[in-house]
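Trainee: Sharing a model prediction with you, sequence too.
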Number of protein chains: 2
Amino acid sequence: MSERPSQKSGSIVWHEGLGREARFAHLGHPGGTIWLTGLSASGKSTIAARLEEVLVARGRHAYRLDGDNIRHGLSNNLGFSAADRAENIRRIGEVARLFADSGSVAIACFISPYREARAMVRHLHDAAALPFLEVFVDTPLAVCEARDPKGLYAKARAGEISDFTGVDAPYETPERPELRLDTTEHDVEACVEACLGLLSERGLV
Amino acid sequence: MSERPSQKSGSIVWHEGLGREARFAHLGHPGGTIWLTGLSASGKSTIAARLEEVLVARGRHAYRLDGDNIRHGLSNNLGFSAADRAENIRRIGEVARLFADSGSVAIACFISPYREARAMVRHLHDAAALPFLEVFVDTPLAVCEARDPKGLYAKARAGEISDFTGVDAPYETPERPELRLDTTEHDVEACVEACLGLLSERGLV
C-alpha cells in the first residue's frame, strides 16, 4: 500500500504521488462536496441531477451520489437501524471526500435527516481541508406529501412503512446551511443557479 | 433519494440524471478501473503514483485508491480478520466502480492477495458493464524482501507481525491478469507505459 521501493529507475527516483495542490492546479479548480438534504419528494434529486448535467456540460468533473448508486452498492450490507443509517451516511461522507480530493464536485443527495450525521460529514471534510457545502432543500412537508410521486407518504400514513422521515421519524432542519432553497418560490433552474452561484463563490467552478 | 417530483418548472420536465453514455461522451472516454495487485514492496504504489501523475498531466481525470486514503477513512472501522479484509476489498471495489462510472480512471493499489476477493471486484464491474483491468505487479518475494523499505518483512520474519502476505499468509497469483509487470526486468517508466498501453487498448485514454 504505502511501501516505498528503494530501487531507483531511470529519472524516476520516488513518487510521493500527485499532491492535491498539483492536481487541483491541473484541473483549474479545487474539488469539494455539495450536500443536498431535505424531505423525501422535496426535489433534491431533480436539482442534483440537473446540477450534475450542467457542470459536466461545462467540462467540470462532477458526480452524483444518491440512494440508487449507494444503497445498491457500497451500503448494500446495511439496513435501516439507527446505527446502520449513521454508518451509511459515514460511508457516503467518506466517498464524497474521496471525490472531492480527486478534484471532482461530489453532489450528495440524501434525506440525511439527522444534524449529528451531517455534522460528522462536515467534520470529515473540514479535517481534510476540503469544502463541504450543505444545501437545505426546504420544501414544506405538506408540499412533499401532496407530490408523493411514489406513494410513500400515503403508505407511511397508512402504517405500511415505518420510520418515515416527516411522518413518524424526525427531520432535523439545518441550522446554518450554506444555502437554503425554497422550492415553493423557485423552480428547478433557479435552484440550480443558486447552487452554481455557491460553487462559484467558493471557487469550485 | 429517487423521489420524482411531479412539479414541472419552466422548460425542465424531469431529470433522470445524466446518463453514463452522455457523461462519457462529454469526457471523450469511458471510465474504468485499473487494479494493481502484488506483494508488499513490489512497486505497486510507485507505479500507481506515476501513472496517476501522467494521466492527470494529460488532462485525464484519474484517482488513486490506496491504503492511505481508504484504511484511514472508509475502512477505518475494519480490522484485519479474514471477514474484515474481504469487506475492505468489497468497499474499495464499490468505490472504484463509482469512480469508473463517473468517467474517471480509478487506480486501485492494494496487495489484495486473494483470488476470490479480486474476482468479486471484477464481477462488480462486469455487472455494471465497466472495465476492470487487473495488473499483476509480479516482483519475486526475494526482491521485495531485499527492498523491505519499511522493515516489515524483517518484522514478519521475526514474528513481530503476523499474517503478513508472502511470509505467513498466502499471495494467490492472478491466473489471467490483463497485464503482468515484471519489475525485475522493467523500470517504473516502462511499467507505467505498459499500463498506459493497456488503458489505450481498452479505449480508456
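Mentor: Cool, got the structure.
Trainee: Every contact and neighbour count from this point should use C-alpha atoms.
Mentor: Noted.
Trainee: tell me the centre residue of chain A?
Mentor: Geometric centre of chain A, nearest residue: A:A108, 1.7 Å, by Cα atoms, centre = their mean.
Trainee: Show the model's pLDDT score for it.
Mentor: In the prediction, the pLDDT value recorded for A:A108 is 98.
Trainee: My guess is it contacts A:D68. True?
Mentor: No: assessed by Cα atoms under 8 Å, A:A108 is found out of contact with A:D68, at 11.5 Å.
Trainee: returning to that earlier point: and the residue nearest to the centre of chain A, that one's in a strand?
Mentor: Yes: looking at A:A108 with DSSP: H, G, I helix; E, B strand; the rest coil, it is inside a strand.
Trainee: what sits against it?
Mentor: Neighbour list for A:A108: A:33-36, A:48, A:64-66, A:92, A:96 [criterion: Cα atoms under 8 Å, 6 or more residues apart in numbering or on different chains].
Trainee: Any idea which of those the model trusts least?
Mentor: Ranked by pLDDT, these bottom out at A:D66, which has 93.
Trainee: Go through the lowest-mean-pLDDT helix or strand in chain A and flag the buried ones.
Mentor: None of the helices or strands of chain A scores lower by mean pLDDT, DSSP states H and E than helix A:67-69, at a mean of 88. Within helix A:67-69, the residues that count as buried by 16 or more other Cα atoms under 10 Å in any protein chain shown are A:67, A:69.
Trainee: Show the subsequent helix or strand relative to it.
Mentor: Sequence-wise, the next helix or strand downstream of helix A:67-69 (DSSP states H and E) is helix A:82-101.
Trainee: pull the CA atoms of that next one into PDB?
Mentor: The C-alpha trace of helix A:82-101 is given here as PDB (Å, rounded to 0.1, in the frame of the first residue of the first chain):
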ATOM      1  CA  ALA A  82     -30.200   4.000  13.600                       C
ATOM      2  CA  ALA A  83     -26.700   2.500  13.700                       C
ATOM      3  CA  ASP A  84     -26.900   1.400  10.100                       C
ATOM      4  CA  ARG A  85     -28.200   4.700   8.900                       C
ATOM      5  CA  ALA A  86     -25.400   6.500  10.600                       C
ATOM      6  CA  GLU A  87     -22.800   4.100   9.100                       C
ATOM      7  CA  ASN A  88     -24.500   4.700   5.700                       C
ATOM      8  CA  ILE A  89     -24.100   8.400   5.900                       C
ATOM      9  CA  ARG A  90     -20.500   8.000   7.200                       C
ATOM     10  CA  ARG A  91     -19.600   5.900   4.200                       C
ATOM     11  CA  ILE A  92     -21.200   8.400   1.800                       C
ATOM     12  CA  GLY A  93     -19.300  11.100   3.500                       C
ATOM     13  CA  GLU A  94     -16.000   9.300   3.000                       C
ATOM     14  CA  VAL A  95     -16.800   8.600  -0.600                       C
ATOM     15  CA  ALA A  96     -17.700  12.200  -1.200                       C
ATOM     16  CA  ARG A  97     -14.500  13.200   0.400                       C
ATOM     17  CA  LEU A  98     -12.500  10.900  -2.000                       C
ATOM     18  CA  PHE A  99     -14.300  12.500  -4.900                       C
ATOM     19  CA  ALA A 100     -13.600  16.000  -3.600                       C
ATOM     20  CA  ASP A 101     -10.000  15.100  -3.000                       C
END
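Trainee: what inclination does that helix have with respect to helix B:82-101?
Mentor: 50 degrees (axes from the mean of the first three to the mean of the last three Cα atoms, to 10 degrees).
Trainee: Is chain B within reach of helix A:82-101?
Mentor: Yes: counting by Cα under 8 Å from any Cα of the partner chain, chain B is contacted by helix A:82-101 at A:90-91, A:94-95, A:98-99.
Trainee: now for that helix, which elements pack on it?
Mentor: Contact here means 3 or more Cα pairs under 8 Å, 6 or more residues apart in numbering or on different chains; DSSP states H and E; on that basis helix A:82-101 packs against strand A:32-37, strand A:105-109, helix A:115-127.
Trainee: what's the closest of those to B:L181?
Mentor: Proximity to B:L181, assessed across the helices and strands packed on helix A:82-101 by Cα to Cα, is greatest for strand A:105-109 (33.7 Å).
Trainee: from the middle of its chain, how far away would that closest one be?
Mentor: Centroid separation for strand A:105-109 versus its chain: 4 Å, with Cα atoms, centre = their mean, to the nearest Å.
Trainee: Highest neighbour count among the contacts of A:A108?
Mentor: A:T33 (31 neighbours; other Cα atoms under 10 Å in any protein chain shown).
Trainee: does that one really touch A:A128, like I thought?
Mentor: No: contact criterion Cα under 8 Å: A:T33 and A:A128 do not qualify, at 11.9 Å.
Trainee: what stretches of chain A score poorly on pLDDT?
Mentor: A:1-16 (pLDDT under 70).
Trainee: can you tell which of the helices and strands packed on helix A:82-101 is closest to B:L199?
Mentor: That would be strand A:105-109 among the helices and strands packed on helix A:82-101, by Cα to Cα, at 24.4 Å.
Trainee: quick one: strands adjacent to that closest one?
Mentor: Partners of strand A:105-109 in the sheet, by DSSP bridges, are strand A:32-37 (parallel), strand A:62-66 (parallel).
Trainee: want to throw those into CSV with distance to A:S112?
Mentor: Formatted as CSV, those follow (distance: least, Cα to Cα, whole Å):
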stretch, distance to A:S112
strand A:32-37, 6
strand A:62-66, 11
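Trainee: Nearest to B:H26 among those would be which one?
Mentor: For these, proximity to B:H26 was assessed by Cα to Cα; strand A:62-66 is nearest, at 11.7 Å.
Trainee: residues making contact with that closest one?
Mentor: A:45, A:48-49, A:52, A:55-56, A:92, A:96, A:104-110, B:1-2, B:102.
Trainee: what about 6 Å?
Mentor: Applying Cα atoms under 6 Å, 6 or more residues apart in numbering or on different chains, the external contacts of strand A:62-66 come out as A:104-109, B:1, B:102.
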